[in-house]
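A.B. asks: Pasted the sequence and its predicted model underneath.
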Amino acid sequence: MDSRRSTIAVAVAGTLTGLLTLTGTVAAQSENRDLIDGLNYQLLYVALPLTLFVLMILVYAAVKFHDNDDPKPTAEDPALEITWTAATAIILLFVGISGYSVLVSPYVSPSQPADLAADGTGDEFGSIEDLPETDDEELIVRGYQWGWEATYPEADVTTQNEIVIPADEDVTMWLTADEVIHSLFISDLGAKQDAFPGEYTRLRTSVYETGQYDAVCTEFCGAGHSRMSADVIVVDRETYDEWLEENEGEQATAPDTP
């Protein structure tokens with residue numbers, strides 16, 4: 001019996017250890033992803049020992065009492081009940097504080113402007129000057145059926161299905177849409193925000209690594225939804241400035257990335 005009990009306990013411990021190993025820390029590419037991954041790992045490191053503890057109690061009870069022909073109710077133990085309730089409250093408080101500290105980050109929940117179009121047509125959105133001022137590098141990203149258009153108002157540059165941003169800087173993308181709701185999702189950067197017709201929503205990020213990242217629409221928007229994708233090109237500041245200058249006043253092609 002002891003051998004069987006030990007085998008089950010080892011199997012449970014091995015499974016949870018394997019899960020923990022598979023979720024090993026990977027370097028985040030952006031502030032957004034860093035915050036989200038940090039929260040996930042923080043909660044995971046608390047959840048796995050608790051899961052192991054509960055499973056071991058379950059296995060112990062199943063093995064010890066499976067052939068009990070004369071079961072009796074569990075004896076009352078106020079101290080144990082108080083301890084269990086207090087421990088649960090502490091765990092929930094920890095989860096709440098950890099989650100709140102991430103959710104209030106401007107990279108996860110950036111401040112949003114009110115609807116600026118009085119008639120809901122979006123006609124007043126011709127300039128980013130209508131939006132609240134920020135200290136970030138700013139661009140307008142418009143979703144339409146079925147693609148993405150990025151506009152850099154100060155440089156008068158527009159791209160199709162390519163979003164170019166500088167690395168190691170705070171960047172604000174003001175999202176809007178034409179016909180229906182779209183949602184810009186950059187998985188590797190942990191960045192996601194909905195785009196509504198007649199409104200602007202704010203997506204804020206700061207990317208650590210230069211390179212090319214995939215962006216997709218995650219809000220079903222019609223027959224072409226599955227092909228509504230874009231390339232997010234992250235370059236160093238010097239390359240970014242040169243690209244804007246070279247393409248001022250015209251349709252641009254994204255610069256080459258390392």
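C.D. replies: Structure's in. What do you need? Since this is a predicted model, take the numbers as computed values, not measurements. Residues are numbered from 1 along each chain as shown.

A.B. asks: doesn't Arg204 fall inside a helix?
C.D. replies: No: counting by DSSP: H, G, I helix; E, B strand; the rest coil, Arg204 is not part of a helix but strand.

A.B. asks: That one pairs with what?
C.D. replies: Arg204 has these beta-bridge partners by DSSP bridges: Thr172.

A.B. asks: Pull the number of nearby residues for it.
C.D. replies: The number of residues packed around Arg204, counting by other C-beta atoms under 10 Å, is 21. All C-beta atoms are positioned from the backbone trio N, CA, C, and that covers glycine.

A.B. asks: how far away is it from Trp84?
C.D. replies: For Arg204, the distance to Trp84 (C-beta to C-beta, to the nearest Å) stands at 42 Å.

A.B. asks: got it, and Pro255?
C.D. replies: Per C-beta to C-beta, Pro255 is found 59 Å from Trp84.

A.B. asks: Looking at the two, which is more packed in?
C.D. replies: Higher neighbour count among Pro255 and Trp84: Pro255, with 16 against 11, using other C-beta under 10 Å.

A.B. asks: dump the residue contacts of the more buried one.
C.D. replies: Going by C-beta atoms under 8 Å, 6 or more residues apart in numbering, Pro255 touches Val164, Ile233, Val235, Thr239, Tyr240, Glu242, Trp243.

A.B. asks: Now the two most distant members of those residues.
C.D. replies: Greatest spatial distance in the contacts of Pro255: Ile233 and Glu242, 13.2 Å, computed using C-beta to C-beta.

A.B. asks: Between the two, which has more neighbouring residues?
C.D. replies: Per other C-beta under 10 Å, whichever of Ile233 and Glu242 has more neighbours is Ile233, with 22 against 13.

A.B. asks: Now name the helix or strand holding that one.
C.D. replies: In this structure, Ile233 sits in strand 229-235 according to DSSP states H and E.

A.B. asks: quick one, the next helix or strand after that strand and strand 229-235 angle?
C.D. replies: As assigned by DSSP H and E, the chain's next helix or strand after strand 229-235 is helix 237-246. Orientation check (axes from the mean of the first three to the mean of the last three C-alpha atoms, to 10 degrees): helix 237-246 against strand 229-235 gives 120 degrees.

A.B. asks: other SSEs contacting helix 237-246?
C.D. replies: strand 162-166 (3 or more C-beta pairs under 8 Å, 6 or more residues apart in numbering; DSSP states H and E).

A.B. asks: send the alpha carbons of the strand it packs on over as PDB?
C.D. replies: Extracted C-alpha coordinates of strand 162-166, given in PDB (Å, rounded to 0.1, in the frame of the first residue of the first chain):
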ATOM      1  CA  GLU A 162       2.600  47.500 -42.500                       C
ATOM      2  CA  ILE A 163       3.000  49.300 -39.200                       C
ATOM      3  CA  VAL A 164       6.500  50.800 -38.600                       C
ATOM      4  CA  ILE A 165       7.400  51.900 -35.100                       C
ATOM      5  CA  PRO A 166      10.700  52.700 -33.300                       C
END
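
A.B. asks: Please tell me how far that strand is from the chain's geometric centre.
C.D. replies: Strand 162-166 sits 19 Å away from the centroid of its parent chain (C-alpha atoms, centre = their mean, to the nearest Å).

A.B. asks: How about stretch 176-186?
C.D. replies: Centroid separation for stretch 176-186 versus its chain: 17 Å, with C-alpha atoms, centre = their mean.

A.B. asks: What of stretch 169-178?
C.D. replies: With C-alpha atoms, centre = their mean as the basis, stretch 169-178 stands 16 Å off its chain's centre.

A.B. asks: Ok, stretch 85-99 next?
C.D. replies: Using C-alpha atoms, centre = their mean, the mean C-alpha position of stretch 85-99 is found 22 Å from that of the whole chain.

A.B. asks: again with stretch 145-162
C.D. replies: Centroid separation for stretch 145-162 versus its chain: 23 Å, with C-alpha atoms, centre = their mean.

A.B. asks: How far does it stretch from one end to the other?
C.D. replies: Stretch 145-162 has an end-to-end distance of 16 Å (C-alpha to C-alpha, to the nearest Å).
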